[in-house]
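**Q** A predicted structure for the sequence below; I have some questions about it.
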Amino acid sequence: MSRRTWPLARRYAAGPLLVGAPLVLAGRRAGWAFLGLGAAVAAFFRDPERPGPHDPSLVYAASDGFVTGVDEDVEEPWLPGGRAARVTVFLSLTDVHVNRSPVEGQVTRQEELGDGFAPALFRGAQDNRRNRISLDGPAGPVVVVQVAGALARTITSWVRVGDKVAAGERLGIIHFGSRTDVLLPRGSAEILVSRGTRVTAGVTPLARLRERG
């Protein structure tokens, strides 16, 4: 846990901990269940340090989890030509939910949209609460979409338009179950992962960029 994530964890963990502690002191076994729940919630907001990636030809995972989809041609109006390759990663409740930038760049656009609450693993999650971030830098334009799940439906962003980020730098956190999409201009990169691949944010390469022009 870090100074960024502790205030977020506190709002969810405080209730179970405050209920559990008096019960344990009173000798009630149920108190341990509440304390365990509070500890599990706090652990969800862990924020481990990771070494930054250094290969500018690679696009890295924006989140921990496993790849649930690789689409070579989807619509994305924020990218040149309006078409993109997309890698979708699902995060379970046991994964670290801090998201990281897949490339070095500057935040050029950002928007929050959607109000759905489908489980993040399902196709209907594409209409859930989500945060879209456009990054532009030496690697070219990349779009990251953070998609909330069915529980908290909350995304906390730590960047805004105009910010410059390094590859692997923290972008924000999605609360309790989620998915991330990384979108690249169609034909601009060789995808290095496939459905079922386990990835780590800021560590696992998703794609290798082709030379521009």
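**A** Structure received. Quantities reported herein were computed from a predicted structural model and do not represent experimental measurements.

**Q** lowest-confidence helix or strand of this protein?
**A** Lowest on mean pLDDT, DSSP states H and E among the helices and strands of the chain sits helix 6-25, with a mean of 76.

**Q** Which secondary structure state does the nearest residue to Leu184 once chain neighbours are set aside sit in?
**A** Leaving aside its sequence neighbours, Leu184 sits nearest to Ala85 (C-beta to C-beta, 6 or more residues apart in numbering; 5.1 Å). No exception for glycine: its C-beta is placed from N, CA and C like everyone else's. Secondary structure for Ala85, judged by DSSP: H, G, I helix; E, B strand; the rest coil, is strand.

**Q** thinking Ala85 is in contact with Val182, fair?
**A** No. Ala85 is beyond contact range of Val182, at 9.0 Å (criterion: C-beta atoms under 8 Å).

**Q** Show me the helices in the protein, by range?
**A** Secondary structure of the chain (DSSP state H): helices located at 6-25, 30-44.

**Q** Low-confidence regions, this protein specifically.
**A** 1, 9-10, 13, 114-128, 150-153, 177, 212-213 (pLDDT under 70).

**Q** Domain boundaries for it, per the record?
**A** Under the assignment automatic domain parsing, the domains of the chain span 6-44, 58-209.

**Q** who's in contact with the closest residue to Ile191 other than its chain neighbours?
**A** Distances taken as C-beta to C-beta, 6+ apart place Ala207 nearest to Ile191, at 5.1 Å, with adjacent residues excluded. The contact partners of Ala207, by C-beta atoms under 8 Å, 6 or more residues apart in numbering, come to 58-59, 85, 87, 184, 189-193.

**Q** ok, 6 Å please
**A** 59, 189, 191-192 (C-beta atoms under 6 Å, 6 or more residues apart in numbering).

**Q** Could you do Glu190 as well?
**A** Arg208 are the contacts of Glu190 under C-beta under 6 Å, 6+ apart.

**Q** Number the chain from 50, please
**A** Shifting the count to begin at 50 puts that one at Glu239.

**Q** Just list whatever residues bridge to it.
**A** Counting by DSSP bridges, Glu239 is bridged to Arg257.

**Q** starting at the chain centroid, how far to stretch 240-254?
**A** 13 Å (C-alpha atoms, centre = their mean, to the nearest Å).

**Q** What are the buried residues along that stretch?
**A** Using 16 or more other C-beta atoms under 10 Å as the test for burial, stretch 240-254 gives 240, 242, 246, 248-251, 253-254.
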